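A.B. asks: Okay, sequence plus prediction incoming.
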Amino acid sequence: MPHIKVDVSANAARPGRIKPLLADLAARLAEFDSIESKAVKAYLNVREHFAMNADGRPAFAHVEVALMKGRSAELRSQIADAMREIIVAEFAEKVSHDEISITVEIREMDAETYRR
């Protein structure tokens, strides 16, 4: 724990970049106070089947970071910004052509219901 989950539409996926992207996200998250480096897990799912609004961008990348409750809103916001920065850089060409929707979500987990 914490978990970094990345979902990418198949039309945006870059197979040769999956491991480096996950390593970058995990390393950056581990730089924040209260994040235990050895506990960070990062994984990516390529979504073959998806639908986008006809007027929307044709591709997407979504990052979810799941953390135990208790961190300040300011820290969670800083983490979201850092994750978004990495994802935007990773898909810079699609971003520059407005061809991808990029979103980041920080989720808090309850210690009372989380098991490991």
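C.D. replies: Good, I have the coordinates. Nothing here was measured: the structure is a model prediction, and the numbers come from that model. Residues are numbered from 1 along each chain as shown.

A.B. asks: CA atoms for contacts and neighbours, from now on please.
C.D. replies: OK.

A.B. asks: So which residues of the chain form strands?
C.D. replies: 3-9, 41-47, 59-68, 100-109 (DSSP state E).

A.B. asks: Dump those strands into a markdown table; add mean pLDDT as well.
C.D. replies: Output for the strands of the chain, formatted as a markdown table (pLDDT from 0 to 100):
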| stretch | mean pLDDT |
| --- | --- |
| strand 3-9 | 98 |
| strand 41-47 | 97 |
| strand 59-68 | 97 |
| strand 100-109 | 96 |
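
A.B. asks: R17: which of those strands is closest?
C.D. replies: strand 41-47 (10.9 Å; Cα to Cα).

A.B. asks: what comes into contact with the lengthiest helix in the chain?
C.D. replies: Secondary structure of the chain read by DSSP state H shows that its longest helix is helix 73-90. With contacts defined as Cα atoms under 8 Å, 6 or more residues apart in numbering, helix 73-90 is touched by 21, 24-25, 28-29, 32, 61, 63, 95, 102-106.

A.B. asks: Which residues does the residue positioned nearest the centre of the chain form beta bridges with?
C.D. replies: Geometric centre of the chain, nearest residue: V63, 2.3 Å, by Cα atoms, centre = their mean. In this structure, V63 has the following beta-bridge partners (DSSP bridges): V6, V104.

A.B. asks: so how far is A82 from it?
C.D. replies: The gap separating V63 from A82 is 11 Å, by Cα to Cα, to the nearest Å.

A.B. asks: ditto for E31
C.D. replies: Taking Cα to Cα, one finds E31 at 10 Å from A82.

A.B. asks: neighbour count winner among the two?
C.D. replies: A82 (16 against 12; other Cα atoms under 10 Å).

A.B. asks: Understood, closing this out.
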